[in-house]
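In: dropping a prediction and its sequence here:
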Amino acid sequence: MVEFLQFTLSGIVFGMIYAAIALSLVLIWRGTRLLNFAQGGMAMFTTYVAIEVIYKTHSYWAGFVVALLAGLVLGAACELTVIRPTVGKPQLNAVIVTIGLLIFLEGLAGILFGGQFRSFPAAFSIIGLRVGGTPIGVSRFDVFVVVAVLVTTLVLAVAFRYTAAGLRMRAAAFNATIARLSGIRVARVLTVGWALAGLLGALAGVLVSPSTFLYPNSMDAIFVYGFTAAVIGGLDSPVGAVVGGLILGVVLSYAGGYVGGSVGSDLTSLVALGILVAVLMLRPEGLFGGARMRRV
Amino acid sequence: MSGEATAASAAGAANGTSASLMVEGLVAGYGGVTALDGVTVTADAAGITAVLGANGAGKTTLLRAVSGMIRPRSGRILLADHNVTGRSPEQIVRAGIAHVPEGQGVIPELTVEENLRIGMMSWRGKRAARAAAVEEEYARFKPLADRRRKLASTLSGGERQMLVIARALLARPRVLLLDEPSLGLAPRVMAQVMDLVVRLSREHGLTIVLVEQNARAALAIADHGVVLNLGRVVASADAATLAADVALRHHYLGF
């Protein structure tokens, strides 16, 4: 029972990180019907920026804030420089550009920061909390992970729902033609979408790196998990991304925890792949996806 | 050329004065296909100009070229004698031309009110002015007022058409491009929409370009008619003259 609780709680913590990546993918998918394969690479890069700032300033929070800002800037810069020229061309062009962007960012990180594994600090203690002497499988930092992702998600959700900028983004995502005819500068909206996706990715990178080490490929696996979470939720749905992240996090935690040992940790990626294939075969629109008819 | 400067009423949709729309020698198309081949159309200020013709005649392409959705290969588009050729849709709306696309172009995933607010995205106005403008449209279209918090997907065909026209009016246009506003509507609802079009022109001085399959209904309310065939203008005359031309009607308009 205690084990079950521990696995569930730690699954939720990782699930929140997958949810952040999934949300960033959903943001871009809704705007452009494009899967951004560079999302993990962007998150890795901003996490390197954070670690450099932390070394220079000896302040975790300076690094944290700079990483988020770098995510915003990097997201917008990627959209403006390499994605914008693919607009109006075949969809595959943009997909391949994002793969190229991933390779470029990973190569650049290797050149600038070196290829060795680096440990990334956590904001709070990573020693497991205990309730009445029983370890519950999560630390203070894990609590921070959950809170940080939840707060960011809620702020975004409220902004999307209640602000003019949010309405512009939703309108552009649902129907770009009507949005443009109504005077919404859709190109600008897409840039903002990429910037916000960059911010979410940066958040995920900073939150996950204390438990994975940081190296140029360190976000590849996280990207796959985030993508799986987004597919579970249905690539269209922000709520689905969060729920998908949590489901995946918990399931992988059980798989890794109950099987145990090196088999367990190898098993997690296999289980994730299994879930991905199962969802795509049985319910390709995802749990919350928009298989609904769209009348325009 | 837009001689008559009709003052807009307080509830009106025009921003200041009426404006004419002139399309001169417009050539446009998609890829290798030329859909418009030297089309010249003049829509008088505060008048209703019907653009008629069979499927594939180029009617929708004409509207898409005017609103900036496609870039003309040659020719000019003049709004109140200002050249607006080649501008993006976002700029065209700000210049004063609103395009209501074919097929009841609401965004079904958004609420009625959100659909309306989209119409004001080109504004710099204050919150109170926006709220007042939305209330004006609710006063004009009562059925929308009752459903403002409902998703647009719950509206009937006629209500959707009201919603898209209301949204276009919120952009404060001087020229309104309507693409098949009667498509798929019951006859009684269609009559209401046509009646609304007349009022927008007569009472609010809006210049209206009305693309219609239903030539009879369009000519009944239009001042002027233009008939397109395979991308060229084959007739341009008073609506009454066109409606009386039996040979033309049989040949191009099917009634």
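Out: Received, thanks.
In: just checking, what packs against the strand or helix carrying B:L228?
Out: Element membership of B:L228, judged by DSSP states H and E, is strand B:224-229. Strand B:224-229 is packed against strand B:33-43, strand B:48-52, strand B:232-238, helix B:239-244, with contacts defined by 3 or more CB pairs under 8 Å, 6 or more residues apart in numbering or on different chains; DSSP states H and E. (Glycine included, C-beta is placed from N, CA and C.)
In: swap the cut-off to 10 Å and go again
Out: strand B:33-43, strand B:48-52, helix B:59-66, strand B:207-211, helix B:215-221, strand B:232-238, helix B:239-244 (3 or more CB pairs under 10 Å, 6 or more residues apart in numbering or on different chains; DSSP states H and E).
In: list just the one of the ones you listed that sits closest to chain A.
Out: Chain A lies closest to helix B:59-66 among the helices and strands packed on strand B:224-229, at 9.7 Å (CB to the nearest CB).
In: now that closest one against strand B:224-229, angle please.
Out: 110 degrees (axes from the mean of the first three to the mean of the last three CA atoms, to 10 degrees).
In: could you check the angle helix B:59-66 makes with strand B:232-238?
Out: Using the same axes, to 10 degrees, helix B:59-66 lies at 90 degrees relative to strand B:232-238.
In: check whether the next helix or strand after helix B:59-66 contacts chain A.
Out: Downstream of helix B:59-66, the next assigned helix or strand under DSSP H and E is strand B:74-79. No: between strand B:74-79 and chain A, judged by CB under 10 Å from any CB of the partner chain, nothing touches; the nearest distance is 15.1 Å.
In: next, the angle helix B:59-66 makes with strand B:74-79.
Out: Using the same axes, to 10 degrees: strand B:74-79 against helix B:59-66 is 70 degrees.
In: name the residues of stretch A:217-229 that are buried.
Out: The neighbour-count check on stretch A:217-229 (16 or more other CB atoms under 10 Å in any protein chain shown) flags A:S218, A:M219, A:I222, A:F223, A:V224, A:Y225, A:G226, A:F227, A:T228, A:A229 as buried.
In: including distance to A:L282, could these go into TSV?
Out: Formatted as TSV, the buried residues of stretch A:217-229 follow (distance: CB to CB, whole Å):
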residue	distance to A:L282
A:S218	32
A:M219	28
A:I222	25
A:F223	23
A:V224	19
A:Y225	19
A:G226	21
A:F227	17
A:T228	14
A:A229	16
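In: which single one of the residues you listed is nearest to chain B?
Out: A:A229 (22.3 Å).
In: tell me which element the closest one is part of?
Out: helix A:220-233.
In: pLDDT on whichever helix or strand comes after that helix, on average?
Out: Note on helix A:220-233: by DSSP H and E, the next helix or strand toward the C-terminus is helix A:238-259. Summarised as a single mean, pLDDT over helix A:238-259 is 91.
In: tabulate the CA atom coordinates of the strand ranked longest in chain A in CSV.
Out: If you go by DSSP state E, chain A has its longest strand at strand A:134-139. Output of strand A:134-139 as CSV, limited to C-alpha atoms (Å, rounded to 0.1, in the frame of the first residue of the first chain):
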residue,chain,number,x,y,z
THR,A,134,6.9,6.7,6.4
PRO,A,135,8.6,7.9,3.2
ILE,A,136,5.9,9.0,0.6
GLY,A,137,8.2,9.0,-2.4
VAL,A,138,8.2,12.7,-3.1
SER,A,139,10.5,15.5,-2.0
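In: buried sites along it?
Out: Buried, per 16+ other CB under 10 Å, within strand A:134-139: A:I136, A:G137, A:V138, A:S139.
In: the inter-axis angle of the helix or strand that comes right after that strand versus strand A:134-139?
Out: Going down the chain from strand A:134-139, the next helix or strand is helix A:140-162, by DSSP H and E. Computed by the same axes, to 10 degrees, the angle separating helix A:140-162 from strand A:134-139 equals 50 degrees.
In: quick check: the residue nearest the centre of chain B vs chain A, distance?
Out: Geometric centre of chain B, nearest residue: B:L177, 1.8 Å, by CA atoms, centre = their mean. Distance of B:L177 to chain A, computed by CB to the nearest CB, to the nearest Å: 9 Å.
In: then the helix or strand that B:R202 is a member of to CSV, C-alphas only?
Out: Taking DSSP H and E as the criterion, B:R202 maps to helix B:187-204. Only the C-alpha atoms of helix B:187-204 are listed here, as CSV (Å, rounded to 0.1, in the frame of the first residue of the first chain):
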residue,chain,number,x,y,z
PRO,B,187,-36.9,30.9,-47.7
ARG,B,188,-38.4,32.9,-44.9
VAL,B,189,-35.0,33.3,-43.2
MET,B,190,-33.4,34.2,-46.6
ALA,B,191,-36.0,37.0,-47.0
GLN,B,192,-35.0,38.3,-43.6
VAL,B,193,-31.3,38.3,-44.6
MET,B,194,-32.0,40.1,-47.9
ASP,B,195,-34.1,42.6,-46.0
LEU,B,196,-31.2,43.2,-43.7
VAL,B,197,-28.9,43.8,-46.6
VAL,B,198,-31.2,46.4,-48.0
ARG,B,199,-31.4,48.2,-44.7
LEU,B,200,-27.6,48.2,-44.3
SER,B,201,-27.3,49.9,-47.6
ARG,B,202,-30.2,52.3,-47.4
GLU,B,203,-30.1,53.3,-43.7
HIS,B,204,-26.4,53.0,-42.9
